[in-house]
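Colleague: pasting a predicted model and its sequence here:
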Protein chains: 2
Amino acid sequence: MTEKASAFVPGHVTGFFSVVRTDDPTTTGSRGGGIALSDGVRVTVESAPETTVTLDGEPVQIEAVERVLDALEVEAAVTGETDLPIGAGFGVSGAMALGTALAANSAFDRRLSRDELVTIAHGAEVQAGTGLGDVVAQAAGGISLRLEPGGPMENRLDAIPAQSRIEYVTFGELDTATVIGGDTDRLTEAGNEGVSTVVGEPTVEQFMYASRRFAREAGLLTETVRDVIMDVAAADGEASMAMLGETVFATGEGLSAAGYDPAVCRVDPTGATLVDGRHAGTENSTLSSNASQ
Amino acid sequence: MTEKASAFVPGHVTGFFSVVRTDDPTTTGSRGGGIALSDGVRVTVESAPETTVTLDGEPVQIEAVERVLDALEVEAAVTGETDLPIGAGFGVSGAMALGTALAANSAFDRRLSRDELVTIAHGAEVQAGTGLGDVVAQAAGGISLRLEPGGPMENRLDAIPAQSRIEYVTFGELDTATVIGGDTDRLTEAGNEGVSTVVGEPTVEQFMYASRRFAREAGLLTETVRDVIMDVAAADGEASMAMLGETVFATGEGLSAAGYDPAVCRVDPTGATLVDGRHAGTENSTLSSNASQ
């Protein structure tokens, strides 16, 4: 029996968010809204004498991944492959943590439920300080609204029932841990206002409007990002900033119509899923390619 | 502006369930477990002077669909297309109701959230007496466990994190309304036991085991269905009965290995989703083909 399995986890751009800290990683998290992307991370977990983690072929240290492996009591080679920019607001660390949880559970027959695995990955991200809401949004897929914070057994999610082409350009990295580890009062006030706005009218247009207002009011806009968003607006498009990266995302053809050369994907409707049908005891189950690739 | 949109809703086979009735359709429902199928129903809703509903080209009366249209204050031509057998335990009425809700919201710019739409479709099915848990499971996708009953704002779902090929054969219809409208005490006891079993070990194997035990203990097995399940077991496969239809479903190649000629699909990981990217105001969003087809 080969102890190996793979999962696909969508990327995730957050439009607005607020920070909720408690003593418990499973109730700590964020309210907010974001878009799961059909561009994501494929994570493969395979039995190994000692744990190694690589991302696009390079050895990396991702604390959230190590915490997930510890929780599942697994030593493994974890391999991530992605077309997404790293450290630029696409939830790559959350995707690595969640993909590791799903794939390791399958490969090592840990017999945990989906929500148990999402809870482990969410808690690992919170404890590593690298994310507050990406994991639960990446598990859900779609354009999710995080109405209450925390892991899947604690939180409350809804979603905007819509599909869209999504474009994005990245100009550099921002350090999530620095921003969410600092004073977040202003950010949280703006984030809660964003949630209220979009709950009142859950459409893509309101989501983009609330995201732009959040970026401005939370004081997170960089000059480059602001200029690009204004260019898209001048071309009658809708764009905002991905939290937390120096990244602009747009619905439809917002960026290309404004003369940029963006990466193009779409809303991922599925959320994180195993791409390898292996699970102990169902030997005749077939491989199932990931639906959103 | 053409007021037209489409949604894809996976079929759903229930393995075991219990009935929970309250005075409120949004808290009425079922605990239980089931599998969302990549075979499903594509529902198109288009503005029309008076409401018509067709399924595979035939005019049909589906009370849950009419209730959804009433709730959204829409007159429309609703067109369903499916490869699934009708009335045989695949959740086609739930799929029609949920697909109508998602597509009508998009076509008529009703600006409701995903959970509001799922709640409307769930309530419509409950009031029509044609289903208790299909709609929320079809919205979620995957191999879902309905731990607490009701619509998405009331219930509690988890899932078995696995993929599998699914095979099925159908021998005839059973009337859902007759079974769930009658005395359900024995069924509910068996259904709650099924949930407990699978929560304790959320694997596909336990799911199939709990489903077979439920079918036997709830007294719902027909002779034909029992014989087929035994044939699959004799060929080392795993099969059970779809609630509520004279239908056998199997994981992997269970039915074909036993000499049957089943329909073949797989677990749908996505859940109900718009297949047409149209939503008011985002004119440049592109069509997105359904990820699970």
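Modeller: Ah, there it is. Nothing here was measured: the structure is a model prediction, and the numbers come from that model.
Colleague: and the stretch 51-200 of chain A, which residues reach chain B?
Modeller: A:102, A:105-106, A:111-117, A:141-142, A:145, A:158-165, A:199 (C-beta under 8 Å from any C-beta of the partner chain). Every residue, glycine included, has its C-beta placed from N, CA and C.
Colleague: report the buried members of those residues.
Modeller: By neighbour count, with 16 or more other C-beta atoms under 10 Å in any protein chain shown, these hold A:102, A:105-106, A:111-117, A:141-142, A:145, A:158-165 as buried.
Colleague: so of those residues, which ones are in helices?
Modeller: A:102, A:105-106, A:114-117 (DSSP state H).
Colleague: quick check: the farthest pair among those residues?
Modeller: Spatial extent of these (C-beta to C-beta) is set by the pair A:S106 and A:D115 at 15.5 Å.
Colleague: any idea which helix or strand carries A:T197?
Modeller: Element membership for A:T197, per DSSP states H and E: helix A:185-200.
Colleague: quick check: what element follows that helix along the chain?
Modeller: As the chain continues past helix A:185-200, the following element, by DSSP H and E, is helix A:204-217.
Colleague: give me the contacts around the helix or strand following that following helix.
Modeller: Downstream of helix A:204-217, the next assigned helix or strand under DSSP H and E is helix A:223-234. Identification of contacts with helix A:223-234 by C-beta atoms under 8 Å, 6 or more residues apart in numbering or on different chains yields A:169, A:171-172, A:212, A:215, A:221, A:238-241, A:246-248, A:250, A:254-255, A:257-260.
Colleague: spatially, which residue comes closest to A:Y168, not counting chain neighbours?
Modeller: Distances taken as C-beta to C-beta, 6 or more residues apart in numbering or on different chains place A:F249 nearest to A:Y168, at 4.3 Å, with adjacent residues excluded.
Colleague: isn't the one you found right up against A:E238?
Modeller: No: with contact defined as C-beta atoms under 8 Å, A:F249 does not reach A:E238; the gap is 9.6 Å.
Colleague: who has more neighbours, those two?
Modeller: More crowded of A:F249 and A:E238, by other C-beta atoms under 10 Å in any protein chain shown: A:F249, with 31 against 23.
Colleague: got the contact list for the more buried one?
Modeller: A:F249 touches A:13, A:35, A:166-168, A:239-242, counting by C-beta under 8 Å, 6+ apart.
Colleague: with A:E63 instead?
Modeller: Counted by C-beta under 8 Å, 6+ apart, A:E63 has contacts A:124, A:127-128, A:130.
Colleague: again, 6 Å this time
Modeller: Residues in contact with A:E63 (C-beta atoms under 6 Å, 6 or more residues apart in numbering or on different chains) are A:A128.
Colleague: quick check: phi and psi at it.
Modeller: phi -60, psi -40 (degrees, to the nearest 10).
Colleague: repeat for A:T270
Modeller: phi -100, psi -40.
Colleague: and if you look at A:G11?
Modeller: Taking degrees, to the nearest 10 as the convention, A:G11 sits at phi -60, psi 170.
Colleague: cool, and A:T100?
Modeller: The phi/psi pair for A:T100 (degrees, to the nearest 10) is phi -60, psi -40.
Colleague: what does the one 10 residues further on give?
Modeller: Dihedral angles of A:R110 (phi, psi; degrees, to the nearest 10) stand at phi -80, psi -10.
Colleague: what bridges to A:T79?
Modeller: When bridges are called by DSSP bridges, A:T79 pairs up with A:T44, A:T54.
Colleague: and for it, the neighbour number?
Modeller: 20.
Colleague: and A:L132, by the same measure?
Modeller: 28.
Colleague: quick check, it in a strand?
Modeller: No: going by DSSP: H, G, I helix; E, B strand; the rest coil, the assignment for A:L132 is coil, not a strand.
Colleague: so what's it up against?
Modeller: A:L132 neighbours (C-beta under 6 Å, 6+ apart): A:29-30.
Colleague: how close does it get to A:S30?
Modeller: 4 Å (C-beta to C-beta, to the nearest Å).
Colleague: what does A:A177 give?
Modeller: Distance from A:A177 to A:S30, by C-beta to C-beta: 14 Å.
Colleague: out of the two, which sits in the busier spot?
Modeller: A:S30 (30 against 14).
Colleague: any idea which element that one lies in?
Modeller: Assigned by DSSP H and E, A:S30 falls in strand A:29-47.
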